[in-house]
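Visitor: Give me a model of this one.
(4 chains)
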Number of protein chains: 2
Amino acid sequence: MKKPHSSRPLGAAHTALFHQIYEALRDRIQRGELRPGDRLVEDRLAEDFGVSRNPVREAIRMLSADGLIDVNARRGVYIAVPDPAKIQELVEIRAVLEGHNARLAARRGNPKLLAAAGRILARGQAALSAEKINTLGALNDEFHKALARASENESLSEMLGAMRLKSSLGFAMSDPVVQAQSWQEHAGILQAILDGDEDTAEALSRSHVLKAGDRARERLEAAQATS
Amino acid sequence: MKKPHSSRPLGAAHTALFHQIYEALRDRIQRGELRPGDRLVEDRLAEDFGVSRNPVREAIRMLSADGLIDVNARRGVYIAVPDPAKIQELVEIRAVLEGHNARLAARRGNPKLLAAAGRILARGQAALSAEKINTLGALNDEFHKALARASENESLSEMLGAMRLKSSLGFAMSDPVVQAQSWQEHAGILQAILDGDEDTAEALSRSHVLKAGDRARERLEAAQATS
DNA sequence: TCGACGTCGGTTGTATACAATGTACGGGCT
DNA sequence: AGCCCGTACATTGTATACAACCGACGTCGA
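Guide: Model (predicted):
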């Protein structure tokens, strides 16, 4: 169950330990190394990271506030197990926000930021053609991040990032045909933004998120049915 | 600067200390007992609450993840000082979400939940007539909470609550005339929801949040100009 | 007079130690 | 056999102790 991840000694940055641990755990969750339902034991984490329990606990509190883990008082903390209904709620909210974000991006029309998004889009399509499926998940995240930046609303950008992470807990990537459709939608969204067509950009973004949410939910329910 | 708040010994509930402290600090921030820019010293808080520094630190980490406090590594933590630009960003996002929430509430049309909102509305209008201005802030929060419940989207409800808190950091209440207009808008929103008019409900909610945001920002900039 | 430097108090960051609770396992009873 | 209960262990929650760093004050020198 637990890979002997063997604790690289925390990249030795000059930020506080609890912060490094917070980011490390966050990364592991995002990468799927820690999966929903997995238990986090403070002692083990402390030993793995080569620190005491205090920084670990503080990191855990932050993850808890982010909603990435569930704390059962005195019964241990677990990676949050996605409840399909909650995920659906989050997806609906994210659809609205992502749509608004696209509208703002179209309104701003910042050439530099949109060009950056275009580059990510090209890389995604290239990776798709080359069938480098394992990199598509990260590129997908990059693309949405680029779009978020293009709206020039930093708070919105942060919120969308957090929501993407929360609503995509279990699964890392899907199969090629689904990815192909997804990147086609990406292209349409970016085009609408470049055209300055706010209504279309918003509508396409919304439906994109909702569709991706449906696909994810299907897979989630299928996975939970087998367990 | 520091009132001798004298530390009632934490209501003696049976939840973990760090959690109680988290909620206590959250409350103090919401009530305005702790104001933006105020410093939080771990030792003092620990002594005030009659506990050690560990639970205090964990509570601080949670508040930090919520965005309610700013942490300057090794330089102390301070109640977040609202940057007008950021507040404006948050208000815009909140307007979109509150609008969507109203749309959902109109779509659901849950009689019980809408009746509850109606009762809050009546209490607010009564308090307005009686010029009990100091209670209007809490009632305003209650009304928006009731509306959030009426959309029957728990995640949205939580997010809106967190955003209201963050975007209304410094100020507790405003003057009577502003409040009167605000409660008039509340009535309009609820009426549209009761009519099942999704478009109107959304539009009114949006403009309500944006107007309230403008008023708050004016007062904030005025306050910062004097300091 | 003014600025560089050293020292010291105050505060944050981390480690270790102890208390308290939950869980799992096994013995005894029916 | 099956269930109840008690004991031991594992783990969380909290307290205390130590280390590292920041900032302010004062001294010294130009």
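Visitor: can you pull the contacts of the residue in chain A positioned nearest to DNA strand D?
Guide: Closest to DNA strand D within chain A is A:Glu42: 3.7 Å, counting by Cβ to the nearest atom of the strand. (Each C-beta comes from the backbone N, C-alpha and C, glycine too.) Contact partners of A:Glu42, counting by Cβ atoms under 8 Å, 6 or more residues apart in numbering or on different chains, are A:53, A:56-57, A:60.
Visitor: can you map out the strands along chain A?
Guide: Per DSSP state E, chain A carries strands over the ranges A:39-40, A:69-71, A:77-79.
Visitor: Need the nearest residue in space to A:Ala117, chain neighbours excluded.
Guide: A:Ala146 (3.9 Å; Cβ to Cβ, 6 or more residues apart in numbering or on different chains).
Visitor: For A:Leu190, give me its contacts.
Guide: By Cβ under 8 Å, 6+ apart, the residues touching A:Leu190 are A:114, A:117-118, A:121, A:147.
Visitor: thinking A:Gln125 is in contact with A:Trp183, fair?
Guide: Yes: with contact defined as Cβ atoms under 8 Å, A:Gln125 counts as touching A:Trp183 (5.8 Å).
Visitor: Give the residue from the two that has the larger number of neighbours.
Guide: More neighbours surround A:Trp183 than the other of A:Gln125 and A:Trp183, with 19 against 16 (other Cβ atoms under 10 Å in any protein chain shown).
Visitor: Need the pLDDT of the more buried one.
Guide: With respect to pLDDT, A:Trp183 has a value of 95.
Visitor: and A:Phe18, what is it in contact with?
Guide: A:Phe18 touches A:54-56, A:58-59, A:62, B:61, counting by Cβ under 8 Å, 6+ apart.
Visitor: Show me which helix runs longest in chain A.
Guide: Counting residues, the longest helix in chain A under DSSP state H turns out to be helix A:198-226.
Visitor: just to revisit the earlier point, spit out the contact partners of the residue nearest to A:Ala117.
Guide: Per Cβ under 8 Å, 6+ apart, neighbours of A:Ala146: A:113, A:116-117, A:120.
Visitor: try 7 Å
Guide: With contact taken as Cβ atoms under 7 Å, 6 or more residues apart in numbering or on different chains, A:Ala146 is in contact with A:116-117, A:120.
Visitor: Show me those residues that map onto helices.
Guide: Reading helices off the contacts of A:Ala146 with DSSP H, I get A:116-117, A:120.
Visitor: Tell me how many other residues surround A:Ala212.
Guide: Per other Cβ under 10 Å, the neighbour tally for A:Ala212 reads 23.
Visitor: quick one: the residue lying closest to it once chain neighbours are set aside from A:Ala122, how far?
Guide: Excluding its sequence neighbours, the residue lying closest to A:Ala212 (Cβ to Cβ, 6+ apart) is A:Ser182, at 6.4 Å. Going from A:Ser182 to A:Ala122 by Cβ to Cβ, to the nearest Å gives 15 Å.
Visitor: Same question for A:Leu40.
Guide: 39 Å.
Visitor: Then A:Val71?
Guide: 42 Å.
Visitor: now do A:Asp27
Guide: 26 Å.
Visitor: Then A:Leu220?
Guide: Separation of A:Leu220 from A:Ala122 (Cβ to Cβ) stands at 31 Å.
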